[in-house]
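> Got a predicted model here, sequence first, then my questions.
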Amino acid sequence: MILIVYAHPHPGHSEANRVLLDAVSDVPEVKVHSLYHQYPDFAIDVPAEQALLEQARLVVWQHPIYWYSVPSLLKLWFESVLVRDWAYGDTTALAGKDCLWVTTTGAAEAAYSMSGKHAHPFAAFTPAVEQTARFCAMNWLEPFTVHGAHKIGDAALAEQGQRYRERLLTWLADHGSS
Ligand SMILES: Cc1cc2nc3c(=O)[nH]c(=O)nc-3n(C[C@H](O)[C@H](O)[C@H](O)COP(=O)(O)O)c2cc1C
């Protein structure tokens, strides 16, 4: 099973993530799990989340970038679900599972450079999320990022949706029906 842990704080207002999600939601074995739908009060059901994760072979974390990081409910999810002696320590329930980080940014890629508006390449903001996965002994896959999500236009966005779909289909082809 491919579990997409989707963390959009305002899913009804999403443009970019909605297009991406629509492009992959009918891929075989994909389960979309929208955290902000499931937990509007931020009261995360930790055993239920862990049970879902245990069934997955590929875990996708998909969200818009908020303040160079993950939206707050996903951060709380990291803190509550990925706990000692389940995710790391005596038990490593996620060991060997693949992890794909799928994000959209408002800023164009050029703004993520030393001389750009955000003063750092986008890769400077990825280590905390990457290391969260690696600390849980997951396999970190090449992240999937859509920059300038506000301005790229419908056609380019649809293309990104297809690129995302291809990523998941290729992963499935490489991993059989595990
Ligand atoms: C609170 C907040 C913080 C944001 N922080 C960033 C940021 O740090 N970097 C960035 O490029 N875009 C930032 N954005 C823009 C979002 O990433 C962008 O609106 C989103 O990726 C578009 O996807 P959507 O159409 O699915 O909402 C922020 C937006 C909001 C509302």
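Received the coordinates, thanks. Numbers count the residues shown, from 1 in each chain.
> Identify the residues contacting stretch 144-151?
Around stretch 144-151, the neighbours that count as contacts under C-beta atoms under 8 Å, 6 or more residues apart in numbering are 15-16, 20, 64, 100-109, 112, 122, 152, 157, 160, 163-164, 167. Just so you know, the C-beta spots here come from the backbone N, C-alpha and C atoms, and that holds for glycine as well.
> Any idea which residue is closest to the centre of the chain?
residue 61 (1.7 Å; C-alpha atoms, centre = their mean).
> that's a strand at that one, yeah?
Yes - the assignment for residue 61, made by DSSP: H, G, I helix; E, B strand; the rest coil, places it in a strand.
> Distance of it relative to the ligand?
Noted for residue 61: a distance of 14 Å to the ligand, by C-beta to the nearest ligand atom, to the nearest Å.
> so where's this structure shaky on pLDDT?
177-178 (pLDDT under 70).
> Over to the residue of the chain positioned farthest from its centre. Which of the three states is it?
Ranked by distance from the centre of the chain (C-alpha atoms, centre = their mean), the top residue is residue 115, with 27.7 Å. For residue 115, the assignment made with three-state DSSP gives coil.
> quick one, what contacts it?
Contacts of residue 115 by C-beta under 8 Å, 6+ apart: none found.
> circling back: unless I'm misreading it, the residue nearest to the centre of the chain sits right up against residue 98, doesn't it?
No - assessed by C-beta atoms under 8 Å, residue 61 is found out of contact with residue 98, at 11.6 Å.
> can you map out the helices along the chain?
Under the criterion DSSP state H, the chain contains helices at 16-24, 35-38, 46-55, 72-81, 127-135, 154-175.
> Compare those and give me the one nearest residue 2.
Proximity to residue 2 (C-beta to C-beta) singles out helix 154-175 among those, at 6.1 Å.
> same for the closest one, what does it pack against?
Secondary-structure packing of helix 154-175 (3 or more C-beta pairs under 8 Å, 6 or more residues apart in numbering; DSSP states H and E): strand 2-6, helix 16-24, strand 58-64, strand 98-104, strand 144-146.
> buried ones in that helix?
By neighbour count on 16 or more other C-beta atoms under 10 Å, the buried set for helix 154-175 is 157, 160-161, 164-165, 167-168, 171-172.
> ditto for stretch 44-61
Buried, per 16+ other C-beta under 10 Å, within stretch 44-61: 44, 49-50, 52-53, 56-61.
> Same check on stretch 28-38?
Within stretch 28-38, the residues that count as buried by 16+ other C-beta under 10 Å are 29-30, 33, 35-36.
> give the contact list for the closest residue to residue 147 other than its chain neighbours.
If the residues on either side of it in the chain are set aside, residue 147 comes closest to residue 109, at 4.1 Å by C-beta to C-beta, 6 or more residues apart in numbering. With contacts taken as C-beta under 8 Å, 6+ apart, residue 109 has the following neighbours: 122, 147-148.
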